[in-house]
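# Just need the structure, nothing else, for what follows:
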Amino acid sequence: MKLPPTLLRAFGAAWLLIGGVPAHAKPAAAPASSIATATPALWAVQDADTTIYLFGTVHVMKPDIDWFHGDIKRAFDRSDELVLEIIEPDDPRAIGAAMTTMAMAKDGVKLSDRLAPDARTKYQAAMDANGLPWRTFDMFNPWMSGMALSVAPLEKLGYKNDLGAEKILRSAAQASGKKVDALETVEQQVGFFASLPMAQQVQFLNATVDGLPEMESEFGDLLRYWQAGQPDKLAKSMNELLEATPELAQVLLTGRNAHWAKWIKARLDQPGTVFVAVGAGHLAGKGSVQDQLKTLGLRARRLKPTPVKDGKP
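Next up, the predicted model:
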């Protein structure tokens, strides 16, 4: 079965660790007339003295999306602490070193030799088309190329890692003196992909290559669902993936969601207000963080968005 690669990528933030504009680059601002006002979904888990907001993020965006305002900004401003999936090192070389070490094939088999002849031809052509040196990637395991091909085409379409929601939130937290913490480490996130059985890594890579022609439209659909605050539509896409690849879903999505739900329950024992921001796919569909919280006897309440007035909620 062909699996849409954008759905595979929706599993988590690990793929954003490759690519994006350098940290010192300043992407051009979009003209004011072209900016779209977004109203992403927001949830809250509360007890008598603790509020934990749950916000689903998109890891790469264009400069024409205005989302950090209204209910989202107010919830963030009320929070004492920001919690992300990971805290990316300030030096991108540290990420590259961690990924290279974990991606290196230990059995000496070239990546291209792991693919069937037809798949190998399509893979090498896709790498060439996106400026990625497939001969260099031959020393790595398939997940590494799959992640690279998940990002490079989006960069060509104008999506930027530095405009991703995590980057904006972390910068705002640092500017306001908020504590910033993480649910996982970079090594843990890379490890989720690196520990996949080889057959699943090959499946991930082949699905990514097969879906490149539809990437712009598929990713654009998911982004529109997020902008409009429609997690049910996002969930419909996610459910297709969960049903098709339950083993992959357990490793990259459901198992992590369950772990995070336990973290949220434990965090409720400490008074305060926390803004938790994780990939939007983790807050949609079966096995979501909200579903996992239900099994622990907790309710994540969807906050009703403030009506938009004069283009701003």
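# quick one, helices of the protein?
5-9, 70-78, 92-103, 117-129, 134-137, 142-156, 165-176, 186-194, 198-210, 215-227, 231-244, 246-249, 255-267, 289-295 (DSSP state H).
# need the contact list for residue 195.
By CB atoms under 8 Å, 6 or more residues apart in numbering, residue 195 lies in contact with residue 251. For glycine as for every other residue, the C-beta is placed from the backbone atoms N, C-alpha and C.
# go again using 10 Å as the cut-off
Neighbouring residues of residue 195 by CB atoms under 10 Å, 6 or more residues apart in numbering: 102, 143, 201, 251.
# Which entry within the residues you listed corresponds to the minimum pLDDT?
The pLDDT minimum for those sits at residue 251, where the score is 80.
# Now do the residue nearest to that one when sequence neighbours are not counted: how many residues are near it, please.
Leaving aside its chain neighbours, residue 251 sits nearest to residue 192 (6.1 Å; criterion: CB to CB, 6 or more residues apart in numbering). Per other CB atoms under 10 Å, the neighbour tally for residue 192 reads 18.
# go on, residue 44?
Neighbours of residue 44 under the rule other CB under 10 Å: 16.
# what's across from it in the sheet?
Beta-bridge pairing for residue 44 (DSSP bridges): residue 53, residue 301.
# which stretches of the protein have low pLDDT?
Scanning the chain for pLDDT under 70 picks out 1-35, 92, 237-245, 307-313.
# and with 80 instead?
Applying pLDDT under 80 to the chain picks out residues 1-36, 89-98, 161, 218, 236-249, 252, 305-313.
# Just give the number of residues close to residue 130.
16.
# nearest spatial neighbour of it, skipping sequence neighbours?
Nearest one to residue 130, counting by CB to CB, 6+ apart, is residue 152 at 4.1 Å.
# ok, that neighbour to residue 187 distance?
Residue 152 is 23 Å from residue 187, where distance means CB to CB, to the nearest Å.
# Settle it for me: which of those two has more neighbours?
Set residue 152 next to residue 187 and count neighbours by other CB under 10 Å: residue 152 wins out with 18 against 13.
# Is that one in contact with residue 129, as I believe?
Yes - taking CB atoms under 10 Å as the definition, residue 152 is a contact partner of residue 129 at 9.1 Å.
# Pull up the overlap in contacts between those two.
Common neighbours of residue 152 and residue 129 (CB under 10 Å, 6+ apart) are residue 212.
# got the end-to-end distance for stretch 172-187?
Terminal residues of stretch 172-187 are spaced 25 Å apart (CA to CA, to the nearest Å).
# in that stretch, what counts as buried?
Across stretch 172-187, burial judged by 16 or more other CB atoms under 10 Å covers 172-173, 178, 183-184, 186.
# Residue 281: neighbour count?
Residue 281 is flanked by 29 other residues according to other CB under 10 Å.
# Next: the one 3 residues further on.
Neighbour count for residue 284, taken as other CB under 10 Å: 27.
# How much space separates it from residue 45?
To residue 45, residue 284 is 16 Å away according to CB to CB.
# And for residue 249?
Residue 249 sits 23 Å away from residue 45, going by CB to CB.
# what do you get for residue 38?
On the measure of CB to CB, residue 38 and residue 45 end up 23 Å apart.
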